[in-house]
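**Q** Please find the sequence and the predicted model below.
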Amino acid sequence: MPHPEPEHKQLNPINPIEVDDDDGDELILSLSPVKLQRLPHLTDYLSQLPTHNNPLEHNPFYHPSDGFYITPSDVILRQIVYDLSAAGASSGPASAYHRAGPRRHIFFEPSSIKAAIVTCGGLCPGMNTVVRELVLALWDLYGVRQIFGIKAGYRGFHSMDPIQLDPKLVHNWHKNGGTVLETSRGGFDLHKIVDAIQNRGYNQVYIIGGDGTMRGAVDIFHEICRRKLKIGVTGIPKTVDNDVGIIDKSFGFQTAVEMAQQAISAGHVEAESAVNGIGLVKLMGRSTGHIALHATLSSRDVDCCLIPETEFYLEGKGGLFEFMEQRLRENGHAVLVVAEGAGQDIIPRNEAQKQERDESGNPVFLDVGQWLKSELKNWWSRDHPNELVTVKYIDPTYMIRAVPANATDNLYCTLLAHSAIHGVMAGYTGFVPGPINGNYAYIPVEEVAKAKNVVNTRDHKWAWCAQLHGQSSMIDLSEE
């Protein structure tokens with residue numbers, strides 16, 4: 001059986017073609033050129049690999065029919081919104097990715113598969129669900145019986161014994177927050193990791209983690225290719241901040257937004273119950289403010305939302321203090337939501353703090369919530385010495401990231417796990433599964449490791465947020 005056709009090619013022309021009908025208002029579109037992104041495959045460096053019929057062919061619950069199996073010509077367009085005017089014409093081909101799902105032929109004999117699953121980085125709702133669904137799908141869909149969990153993140157490959165996983169063991173894992181496999185930051189030693197993968201005989205590796213973890217997955221993938229090993233590697237992107245690029249969203253994000261409502265509601269109650277009460281809520285978001293933005297729009301109780309993508313200042317016209325005073329005069333209370341990465345450039349810090357890094361190599365942020373609490377209290381006591389003010393600071397970070405996934409995220413985790421397995425079975429490697437415009441696709445892990453999903457401050461959602469809360473006086477939207 002020949003391996004899949006080349007994955008990087010240009011498909012046909014995007015030209016609007018007007019067609020007159022009886023009403024004279026019909027427009028038919030011909031979509032192209034489209035550049036199909038190349039997807040790494042084991043046969044890129046291992047020729048003459050045997051293939052096997054997909055065992056789903058004989059699964060009584062699936063009944064494969066026409067259209068059940070995905071073919072190399074099934075693609076997902078990255079861009080689905082176009083301006084048909086001449087001014088809006090695209091200057092280059094549109095990008096497309098291979099559609100995720102089962103293939104008719106697979107490149108692994110299920111009885112010879114030894115799969116490894118690892119969770120890395122910080123906690124996120126849904127990590128246990130992904131592990132559970134990987135185990136169940138490998139076991140039930142493909143008949144894999146050798147499935148191992150790597151403990152404590154990347155360092156667990158070379159420093160700890162794995163645990164063998166089966167459906168009975170992981171049955172209730174989705175009901176718990178965190179990761180039963182345990183996790184850690186750092187500990188990445190490429191050669192020790194790949195040596196351990198090779199020596200233990202793993203031929204499928206499922207890596208669950210954020211952007212730093214995905215960068216590690218890129219290195220592992222390249223080293224495995226260099227050694228010409230028949231080992232499929234896939235990354236499942238995990239970041240509660242929703243800052244992974246290309247895909248529509250990351251798992252755990254919707255749960256985080258939902259849980260953030262409780263913190264905002266508590267901040268609102270505290271603020272309403274005090275004279276000149278300010279409820280200050282810090283939410284997760286180191287480089288992006290998606291949680292803060294979506295939680296603010298969902299809450300309706302927030303007066304001001306500060307995110308890393310927009311600058312703000314404290315004093316003077318258009319500053320935060322002026323805005324907060326206006327709200328306190330109008331309503332007697334105010335609720336302020338701030339993402340953890342907002343305002344980091346204006347928080348005073350010494351040279352040692354500027355150089356500090358965490359185990360993953362990221363700059364260590366100072367607590368913008370504590371800083372704002374102090375600055376707000378100092379400002380009020382300075383400008384209004386005879387008036388009461390109460391600032392209640394709520395930081396729900398560890399409560400939010402440690403909860404189990406909600407129903408929507410649980411389903412999403414299942415689809416990600418199944419997509420990952422189908423791709424690895426089909427011989428693809430060095431890829432990430434994820435939804436693009438609502439359809440699941442396979443994306444080269446190198447692209448995902450480099451891409452960032454930031455809040456578009458020219459987008460309708462941010463304009464809506466600023467307008468709803470009167471922030472236009474504090475933030476110059478024309479410069480965003």
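**A** Perfect, thanks for sending it.
**Q** which residues in the stretch 1-150 of the chain form helices?
**A** In order along the chain, the stretch 1-150 of the chain carries the following helices (DSSP state H, counting those that start in this stretch): 127-142.
**Q** To clarify, my last question referred to the stretch 351-480 of the chain.
**A** For the stretch 351-480 of the chain, the helices defined by DSSP H, counting those that start in this stretch occupy 351-355, 368-383, 397-401, 407-425, 445-450, 460-468.
**Q** Would you mind finding the most buried of these?
**A** By mean neighbour count, with neighbours taken as mean count of other C-beta atoms under 10 Å, helix 407-425 ranks first of those at a mean of 23. All C-beta spots, glycine's among them, are computed from the backbone N, C-alpha and C.
**Q** now the strand or helix carrying Ile207 against helix 127-142, angle please.
**A** In this assignment (DSSP states H and E), Ile207 forms part of strand 204-209. For strand 204-209 against helix 127-142, the angle between stretch directions is 160 degrees (axes from the mean of the first three to the mean of the last three C-alpha atoms, to 10 degrees).
**Q** lowest-confidence helix or strand of the chain?
**A** The helix or strand with the lowest mean pLDDT-type score in the chain, counting by mean pLDDT, DSSP states H and E, is strand 14-18 (a mean of 46).
**Q** Surely Ala449 touches Asp219?
**A** No: with contact defined as C-beta atoms under 8 Å, Ala449 does not reach Asp219; the gap is 9.6 Å.
**Q** that older thread, any idea which of the helices of the stretch 351-480 of the chain gets closest to Phe188?
**A** Using C-beta to C-beta as the measure, helix 445-450 is the one of the helices of the stretch 351-480 of the chain that comes nearest Phe188, at 13.3 Å.
**Q** which helices and strands does the closest one pack with?
**A** The elements that helix 445-450 packs onto, with contact taken as 3 or more C-beta pairs under 8 Å, 6 or more residues apart in numbering; DSSP states H and E, are helix 211-226, strand 232-237, strand 431-436.
**Q** Trp462 and Val454 touch, don't they?
**A** No: taking C-beta under 8 Å as the contact criterion, Trp462 and Val454 are not neighbours in contact, 10.8 Å apart.
**Q** So which of the helices of the stretch 351-480 of the chain is nearest Leu141?
**A** If you check each of the helices of the stretch 351-480 of the chain against Leu141 by C-beta to C-beta, helix 407-425 wins as the nearest, at 7.0 Å.
**Q** Compute the distance from the centre of that closest one to the centre of its chain.
**A** Per C-alpha atoms, centre = their mean, to the nearest Å, the displacement of helix 407-425 from the mean C-alpha position of its chain is 14 Å.
**Q** So for it, mean pLDDT?
**A** Confidence over helix 407-425 (mean pLDDT, whole number) is 98.
**Q** How about stretch 445-452?
**A** If you average the pLDDT values across stretch 445-452, you get 94.
**Q** what residues does that stretch touch?
**A** Counting contacts by C-beta atoms under 8 Å, 6 or more residues apart in numbering, the residues outside stretch 445-452 that touch it are 37, 211, 214-215, 217-218, 221, 233-235, 237, 243-247, 287-288, 430-432, 434.
**Q** Just the buried ones among these, please.
**A** The neighbour-count test (16 or more other C-beta atoms under 10 Å) marks 37, 211, 214-215, 217-218, 221, 233-235, 237, 243-244, 246-247, 287-288, 430-432, 434 as buried among the contacts of stretch 445-452.
**Q** so what's the residue nearest the centre of the chain up against?
**A** Per C-alpha atoms, centre = their mean, the C-alpha nearest to the average position across the chain is that of Ser250, at 2.8 Å. Under the criterion of C-beta under 8 Å, 6+ apart, the contact list for Ser250 reads Cys124, Pro237, Lys238, Thr239, Val240, Asp241, Asn242, Asp243, Val244.
**Q** Burial check on the third one, number of neighbours?
**A** The burial metric for Lys238, expressed as a neighbour count using other C-beta atoms under 10 Å, is 30.
**Q** What of the fourth one?
**A** Other residues near Thr239 come to 27 when the count uses other C-beta under 10 Å.
**Q** That one contacts Cys124, correct?
**A** Yes: between Thr239 and Cys124 there is a contact at 6.7 Å, judged by C-beta under 8 Å.
**Q** Show me whatever sits in contact with both of the two.
**A** Taking C-beta under 8 Å, 6+ apart as the contact definition, Thr239 and Cys124 share the neighbouring residues Gly210, Ser250, Gly252.
**Q** For the stretch 201-350 of the chain, just list every one of the strands.
**A** Assigned strands in the stretch 201-350 of the chain, in chain order: 204-209, 232-237, 277-283, 304-306, 333-339 (criterion: DSSP state E, counting those that start in this stretch).
**Q** And the second one, what does it pack against?
**A** I take that to be strand 232-237. The elements that strand 232-237 packs onto, with contact taken as 3+ C-beta pairs under 8 Å, 6+ apart, are strand 204-209, helix 211-226, helix 407-425, strand 431-436, helix 445-450.
**Q** again, 6 Å this time
**A** Strand 232-237 makes packing contacts with strand 204-209, helix 211-226, helix 407-425, strand 431-436 when contacts are defined by 3 or more C-beta pairs under 6 Å, 6 or more residues apart in numbering; DSSP states H and E.
**Q** before we move on, what about the last one?
**A** Other helices and strands packing on strand 333-339, by 3+ C-beta pairs under 6 Å, 6+ apart, are helix 253-272, strand 277-283, helix 290-299, strand 304-306, helix 320-331.
**Q** picking that back up, nearest to Asn128 among the strands of the stretch 201-350 of the chain would be which one?
**A** Each of these was scored for nearness to Asn128 using C-beta to C-beta, and the closest is strand 204-209 (10.2 Å).
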